[in-house]
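Trainee: Next comes the sequence, and after it the predicted model I'd like to discuss.
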Amino acid sequence: YKMLREQGRLKERHWMDYRPYGAVFEPKHMTRTELEKEIRTAWQLAYSPSNVLERVRRMRDRKSVHRAIFTFVTLTFRGIYFRQMKLRTWLRILWDYRRALAEVFAARQPIPVPKPARPNPLSLPESPAVP
């Protein structure tokens, strides 16, 4: 804060002047608008239905309660960055995330993948009998 203020890069001094989700300082190598656009893009990628589904699938070996908590928290935090105030908006979100939700609440247990047998390095191959 002090460094940005001394460099004249701190744009808003009073908390009442802050814009929600807006940059309050001037970045060095881009404009505030460019920074805000990049942050919004990162949020959209992180909270996209396909990325959430991928993360849920990587959690297949975890308990279903852990997957459910992860999905609930993800959708809740998504609401911080993208306004979800109306029932219609929530219904749309549930529809968009239906695959991830189905993965979480599926009754099936993950199928364990058998590990290939590793040779025992301590066992020696049998040598042919010497006449």
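Mentor: Yep, it's here.
Trainee: Buried residues of stretch 99-109, list them for me.
Mentor: Taking 16 or more other CB atoms under 10 Å as the basis for neighbour counts, the residues of stretch 99-109 that come out buried are 100, 101, 103, 104. Quick note: C-beta positions are derived from backbone N, CA and C, even for glycine.
Trainee: what does that stretch rub up against?
Mentor: When contacts are taken as CB atoms under 8 Å, 6 or more residues apart in numbering, the neighbours of stretch 99-109 outside the stretch itself are 49, 52, 53, 56, 57, 64, 67, 68, 71, 94.
Trainee: Contacts only, for the second one.
Mentor: Yep, that's residue 52 we're talking about. Neighbouring residues of residue 52 by CB under 8 Å, 6+ apart: 71, 74, 97, 100.
Trainee: following whichever strand or helix holds it, which helix or strand comes up?
Mentor: Assigned by DSSP states H and E, residue 52 belongs to helix 49-58. Proceeding C-terminally, helix 49-58 gives way to helix 64-81 as the next helix or strand, assigned by DSSP H and E.
Trainee: So which elements touch that next one?
Mentor: Based on contacts counted as 3 or more CB pairs under 8 Å, 6 or more residues apart in numbering; DSSP states H and E, the elements that helix 64-81 packs against are helix 49-58, helix 98-105.
Trainee: tell me the angle it makes with helix 98-105.
Mentor: Going by axes from the mean of the first three to the mean of the last three CA atoms, to 10 degrees, helix 64-81 is angled at 150 degrees with respect to helix 98-105.
Trainee: circling back: for the buried residues of stretch 99-109, which one is nearest residue 6?
Mentor: When these are ranked by distance to residue 6 (CB to CB), residue 100 comes first, at 45.9 Å.
Trainee: Quick one, grab the pLDDT at that closest one.
Mentor: The pLDDT attached to residue 100 in the predicted structure is 91.
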